[in-house]
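**Q** Only the shape, not the letters, is given here:
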């Protein structure tokens, strides 16, 4: 299996994580990207507040997706361990902080950025949406489909959960 572009995958995860938070589209009740989270996270995670924010949002998103999807499948917030480790490594470096800072300025900016990752497809429908297999995640098309499902769902005010089968 060819490796997907981890930077684009991280970008999609950060955008969806931001858009799913309570202040944007309210898919999960976290507020890690709100200004009030900085004083809360800063003293505890002095050098790793961005990483803590990332993992907090990912865990909230993972739980919501897992509630609506088959436990054997994969989704943007539950990927094979090798990919999860690669994304964590990117977040620890400058790449993750740079992407995170640029993409989470406003809901509109995040939706625009998600649109640039997306490929045209049919409008999302409420609930689970199969977009391919985990082996196909390496293709730019599959990541584009995932981004389009989320973009369409956020724009329509519905909840769609794109997933990949083993």
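**A** Thanks, I have it. Worth saying up front: this structure is predicted, and the values here are computed from it rather than measured.
**Q** Quick check: next helix or strand after the top helix by length along the chain?
**A** If each helix of the chain is counted by residues according to DSSP state H, the longest one is helix 49-68. Going down the chain from helix 49-68, the next helix or strand is helix 81-92, by DSSP states H and E.
**Q** What residues of that following helix count as buried?
**A** Residues of helix 81-92 classed as buried: 83, 86, 87, 90, 91 (neighbour count, 16 or more other Cβ atoms under 10 Å). For the C-beta atoms, the positions are set from N, CA and C on the backbone; glycine is no exception.
**Q** of those, closest to residue 130?
**A** Closest approach between those and residue 130, by Cβ to Cβ: residue 83, at 18.7 Å.
**Q** Helices of this protein, residue ranges please.
**A** 6-20, 37-41, 49-68, 81-92, 94-103, 107-117, 140-156.
**Q** can you list the ones you listed in TSV and add distance to residue 127?
**A** Putting those into TSV (distance: least, Cβ to Cβ, whole Å) gives the following:
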stretch	distance to residue 127
helix 6-20	16
helix 37-41	30
helix 49-68	7
helix 81-92	25
helix 94-103	26
helix 107-117	19
helix 140-156	10
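**Q** closest one to residue 29 among those helices?
**A** Nearest to residue 29, of the helices of the chain and by Cβ to Cβ, is helix 49-68 at 7.3 Å.
**Q** buried stuff in the closest one?
**A** 49-54, 56-58, 60-62, 64-65.
**Q** Run the chain-centre distance for it.
**A** Chain-centre distance of helix 49-68: 9 Å, with Cα atoms, centre = their mean, to the nearest Å.
**Q** quick check: mean pLDDT across that helix?
**A** Confidence for helix 49-68, expressed as mean pLDDT, is 89.
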